[in-house]
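Undergrad: With the sequence up front, the predicted model follows.
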Amino acid sequence: MDRSFFFAHALEVAPRVLGTLLTVDSPAGQVTLRITEVEAYHGVGVPGPYDAGSHSKDRKTDRNASMFGDPGHAYVYLNYGMHYALNLVCSPSGIASGVLVRSAEVVDGADLAITRRLEKRGSRSTATPIAHAALAKGPGNLAAALGITRETHDGLDLFAAPFHLEFPSPAPTASIMSGPRVGVAGHAGGTDFSWRFWLSGDPTVSAFRPGRGAPAWRPPSTSH
DNA sequence: TTATCGATTCTCT
DNA sequence: GAGAATCGATAAA
């Protein structure tokens, strides 16, 4: 796998990135993930429909600057004031396009991932052990398991330390599913895009949560 | 097993 | 000042 992989639009890259082995190194050790669930986002100036759920939907800002940067780099942002999320920047520089890594299976460094998850969770909950399949389930958990923050990893090259990418073999194209993105409300005209991709039946794929914040659009009533 | 709700802070209007 | 690409605990069933 080389950088040219990321020169395409996020929508093309997203399904192909499934199964990729992502390693992040740190002084504490390294964690390797097998990516199982992603979402595509794009911004202003990109061909295709207006993506109202994207951070770069209107213009370049301080936060989303990395999304306009070179492909094959990381875009990391803080969400809900407490969770970091990792994006893989796509498309040539100047075009905002990225793949949000939602979930993955931890294939190496599980002990370190557990430690980081428990550290972030704090002393509040003592019980509730973390199942292996849930170690990197959801964008916030995934970033926590890898030890990724905006301060330390935003804008970094994915083809240089501390990152390492390895293409899967064989590519698991046969079992790829797609559907609406998660947690993105208020799409223009109520339309959503099937820009979420995951490996069918994989236990690490995050659960779909309907009804968090009512959708801006409702189907016409059949009664009355 | 499924649904609801509080936590917590940054970003952009 | 509102709302956000979420998580995990607790309540309800």
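TA: The structure has been received and is ready for your questions. Everything quoted here is computed from the prediction, not taken from an experiment.

Undergrad: and the longest strand along chain A, does that touch DNA strand B?
TA: In chain A, with assignment by DSSP state E, the single longest strand is strand A:29-42. No: judged by CB under 7 Å from any atom of the strand, strand A:29-42 and DNA strand B are separated, with a smallest distance of 14.1 Å. No exception for glycine: its C-beta is placed from N, CA and C like everyone else's.

Undergrad: buried sites along that strand?
TA: A:31-42 (16 or more other CB atoms under 10 Å).

Undergrad: restrict these to those near DNA strand C?
TA: When contact is defined as CB under 7 Å from any atom of the strand, the buried residues of strand A:29-42 meet DNA strand C at A:39, A:41.

Undergrad: before we move on, the earlier item: who does the longest strand of chain A pair up with?
TA: Using DSSP bridges, strand A:29-42 pairs in its sheet with strand A:21-26 (antiparallel), strand A:97-108 (antiparallel), strand A:196-199 (antiparallel).

Undergrad: Look at A:Val182 and give its secondary structure.
TA: What DSSP: H, G, I helix; E, B strand; the rest coil gives for A:Val182 is coil.

Undergrad: And A:Ser66, by the same measure?
TA: With three-state DSSP as the basis, A:Ser66 sits in helix.

Undergrad: Give the burial count for the closest residue in space to it that isn't next to it in sequence, as a bare number.
TA: Spatial nearest neighbour of A:Ser66, chain neighbours left out: A:Tyr75 (4.0 Å); criterion: CB to CB, 6 or more residues apart in numbering. For A:Tyr75, the count of nearby residues is 29 (other CB atoms under 10 Å).

Undergrad: Okay, and the beta partners of A:Tyr75?
TA: Using DSSP bridges, the bridge partners assigned to A:Tyr75 are A:Asn87.

Undergrad: Can you tell me the strand partners of the helix or strand of chain A with the lowest mean pLDDT and which way each runs?
TA: None of the helices or strands of chain A scores lower by mean pLDDT, DSSP states H and E than strand A:176-179, at a mean of 86. According to DSSP bridges, strand A:176-179 forms sheet pairs with strand A:196-199 (antiparallel).

Undergrad: what comes into contact with the partner strand?
TA: If you take CB atoms under 8 Å, 6 or more residues apart in numbering as the criterion, strand A:196-199 is touched by A:14-15, A:18-19, A:36-40, A:102-103, A:172, A:175-182, A:205.

Undergrad: Rounded mean pLDDT for that strand, please.
TA: Across strand A:196-199, pLDDT averages out at 90.

Undergrad: What of stretch A:112-129?
TA: Mean pLDDT, stretch A:112-129: 80.

Undergrad: what does stretch A:87-94 give?
TA: Stretch A:87-94 comes out with an average pLDDT of 95.

Undergrad: Buried residues of that stretch, list them for me.
TA: Buried residues in stretch A:87-94, defined by neighbour count with 16+ other CB under 10 Å: A:87-91.

Undergrad: contacts for it?
TA: Residues from elsewhere that reach stretch A:87-94 (CB under 8 Å, 6+ apart): A:6-10, A:13, A:17, A:41-42, A:45-46, A:66-77, A:97-101, A:158.
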